[in-house]
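Participant: Any chance you can model this:
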Amino acid sequence: MSEWVVIYTDGACKGNPGAGGWGAVLGYGGRTRELYGGEALTTNNRMELTAVIRALETLRRRCRVRLHTDSQYVQRGISAWIHDWKKRGWRTAGKKPVKNEDLWRRLDELAQKHEIKWIWVRGHAGHDGNERADALANRGVECARS
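Facilitator: Take a look at the predicted model:
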């Protein structure tokens, strides 16, 4: 387990809720794989989480991953907030149910299988990997609309 798998993810939503899409770009050993999909009625946060989940689901063995997201919701959620949510039985500090609990549980399960460095990048700032993931997420929106 030496080389890092590099992943860029993004979610998009036209209306919130509305038609949504997700995209992911995975790179390893000089190869690139692109993934995308969409849902007819969803939220941007659900698409951000789905992009990460779908990317991690493609990994067939334990990997070292550098995962780039422009979603502070995803990056902070998985790096910090999730620990307290789990301790409180998937409740927020205000004792309300955690939104998107189903996706957070799945992401938590997948994240435990890998060594992941969670990296936040500013969206729409000209970063090639993020821009490509954004384009794929928008392609997913178009698929969801058809």
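Participant: Which single helix of this structure contains the most residues?
Facilitator: Ranked by residue count under DSSP state H, the longest helix found in the chain is helix 128-145.
Participant: And the contacts of that one?
Facilitator: 6, 8-14, 19-25, 27, 34-40, 42, 47, 51, 68, 70, 121, 123-124 (CB atoms under 8 Å, 6 or more residues apart in numbering). Quick note: C-beta positions are derived from backbone N, CA and C, even for glycine.
Participant: now it, how far from the centre of its chain.
Facilitator: Between the centre of helix 128-145 and the centre of its chain there are 13 Å (CA atoms, centre = their mean, to the nearest Å).
Participant: With just CA atoms, put it into PDB.
Facilitator: Extracted C-alpha coordinates of helix 128-145, given in PDB (Å, rounded to 0.1, in the frame of the first residue of the first chain):
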ATOM      1  CA  ASP A 128      -8.300  20.800 -12.700                       C
ATOM      2  CA  GLY A 129      -9.500  17.800 -10.700                       C
ATOM      3  CA  ASN A 130     -12.300  19.800  -9.000                       C
ATOM      4  CA  GLU A 131     -13.400  21.400 -12.300                       C
ATOM      5  CA  ARG A 132     -13.600  17.900 -13.900                       C
ATOM      6  CA  ALA A 133     -15.600  16.500 -11.000                       C
ATOM      7  CA  ASP A 134     -17.900  19.500 -11.300                       C
ATOM      8  CA  ALA A 135     -18.500  18.900 -15.000                       C
ATOM      9  CA  LEU A 136     -19.300  15.300 -14.300                       C
ATOM     10  CA  ALA A 137     -21.700  16.300 -11.500                       C
ATOM     11  CA  ASN A 138     -23.500  18.600 -14.000                       C
ATOM     12  CA  ARG A 139     -23.600  15.800 -16.500                       C
ATOM     13  CA  GLY A 140     -25.300  13.700 -13.800                       C
ATOM     14  CA  VAL A 141     -27.900  16.500 -13.300                       C
ATOM     15  CA  GLU A 142     -28.700  16.400 -17.100                       C
ATOM     16  CA  CYS A 143     -29.100  12.600 -16.900                       C
ATOM     17  CA  ALA A 144     -31.500  13.100 -13.900                       C
ATOM     18  CA  ARG A 145     -33.600  15.600 -15.900                       C
END
